[in-house]
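Engineer: This is the structure alone, sequence omitted:
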């Protein structure tokens, strides 16, 4: 199957569809139509059908999609069959929050190690995750087969952290620090800036 | 001053510039050039100058901008002079994480009350924030002068929560639940979907 050119937005939508389908499944729903997925996800039925065709799944116009099969198909496409192992750098307020949020959330996507420069925060278990010295990242990443990094360091050490991750072979970084990371083109990064988003909402709420 | 048509992206960049300038200021820097702000923020010097002119601030081509003045100008533009008071609904794992992260972070932007349907989570102080029953939101929002809402409920109650916020007069919502909220056009919403973003990074890290 040729699965080229799947865009970032498509991947994002597939991830969202899957979570919506989990809910439908828990609620006892067995079949679902593209227009239902569209309504829940803020998409259009045509877009939903295109996205699902892109991963090689097609439903029947009359009976829709089978919820369980669809969840599995999206998972086969999105998830690494081996599971994706993530390392988090920066065990401050935000880092702990992220550890707590993702702890045990996804069997195929787990934060398996956390790192900090502060010796008081290392060699501990925080929200079920073992913590190490940041300087041990390359060694631990290899031992633990870590492929993705989360940066929750202060802004002024985020770039150096990103470079260390890249040198250790990491090819995907989720960055929470309010800086624009410079990484080689083969490394995929995404940014979440919670303070900026909250300030933006505050601004437009006043207008 | 005509300040129409300031886009979401401009507001986001101004918020980011301000945080970068705080850091420069703490590091003892008094003057800054547009190209320095651009390099730190992943923007271009021309874009930085346009954004700052949009809020009525212009530096000198030779001496750049005064860091302290610029921080103040951006603040005068972005911040509500009275301070923006935020209410958070959903004191689960994620809600607590958000409370902990924003606790005492911004004097002009504070989460002043949190809400949950679970009686075990109400009438408490969590990360410095008092918690109430969700059904008390309209009353507390009025008493506490809450203008912005954060939704950290489970997905299946997020839409009903949004409607309650809107009926209570809230005009800005930061939504962490993985659903597409339907709100009237005068209400501004922004979404942060951490799981989707982490899954997206995982997908592209494998390719």
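Structural biologist: Right, received. Where do you want to start? All values derive from a computational prediction rather than experimental measurement. Residues are numbered from 1 along each chain as shown, chains lettered A, B, ... in the order given.

Engineer: elements contacting the strand or helix carrying residue A:142?
Structural biologist: Element membership for residue A:142, per DSSP states H and E: helix A:137-144. Helix A:137-144 sits against strand A:84-89, strand A:109-116, helix A:155-167, with contacts defined as 3 or more CB pairs under 8 Å, 6 or more residues apart in numbering or on different chains; DSSP states H and E. C-beta: built from backbone N, CA, C; applies to glycine.

Engineer: Quickly find the element holding the residue located most distally from the centre of chain A.
Structural biologist: In chain A, residue A:62 marks the outermost C-alpha relative to the chain mean, sitting 33.6 Å out by CA atoms, centre = their mean. Under the criterion DSSP H and E, no helix or strand holds residue A:62.

Engineer: Flag every buried residue along the lowest-mean-pLDDT helix or strand in chain A.
Structural biologist: Least confident helix or strand, chain A: helix A:93-102 with a mean of 86, by mean pLDDT, DSSP states H and E. Of all the residues in helix A:93-102, those buried under the rule 16 or more other CB atoms under 10 Å in any protein chain shown are A:93, A:94, A:95, A:96, A:97, A:98, A:99, A:100, A:101, A:102.

Engineer: From these, pick the one nearest residue B:159.
Structural biologist: Lowest distance from residue B:159 to the buried residues of helix A:93-102 (CB to CB) belongs to residue A:101, with 21.4 Å.

Engineer: For residue A:176, list the residues it contacts.
Structural biologist: By CB atoms under 8 Å, 6 or more residues apart in numbering or on different chains, residue A:176 lies in contact with A:94, A:98, A:150, A:151, A:152, A:191, A:192, A:193, A:194.

Engineer: Apply 7 Å and report the result again.
Structural biologist: A:94, A:151, A:152, A:192 (CB atoms under 7 Å, 6 or more residues apart in numbering or on different chains).

Engineer: Same check on residue A:192?
Structural biologist: A:174, A:176, B:192, B:194, B:197.

Engineer: which two in those residues are spaced the farthest apart?
Structural biologist: Within the contacts of residue A:192, A:174 and B:192 form the most distant pair, 12.0 Å apart (CB to CB).

Engineer: shaky segments in chain A?
Structural biologist: Residue ranges of chain A with pLDDT under 70: A:1-4, A:61.

Engineer: Tell me the helix or strand right after the longest helix along chain A.
Structural biologist: Identified as the longest helix of chain A according to DSSP state H is helix A:8-26. Using DSSP H and E, the helix or strand that follows helix A:8-26 in sequence is strand A:31-32.

Engineer: Residue A:117 reaches residue A:137, doesn't it?
Structural biologist: No: under the contact definition of CB atoms under 7 Å, residue A:117 does not touch residue A:137, with a separation of 10.7 Å.

Engineer: ok, back up a step: give me the distance from the helix holding residue A:142 to the chain's centre.
Structural biologist: Centroid separation for helix A:137-144 versus its chain: 20 Å, with CA atoms, centre = their mean, to the nearest Å.
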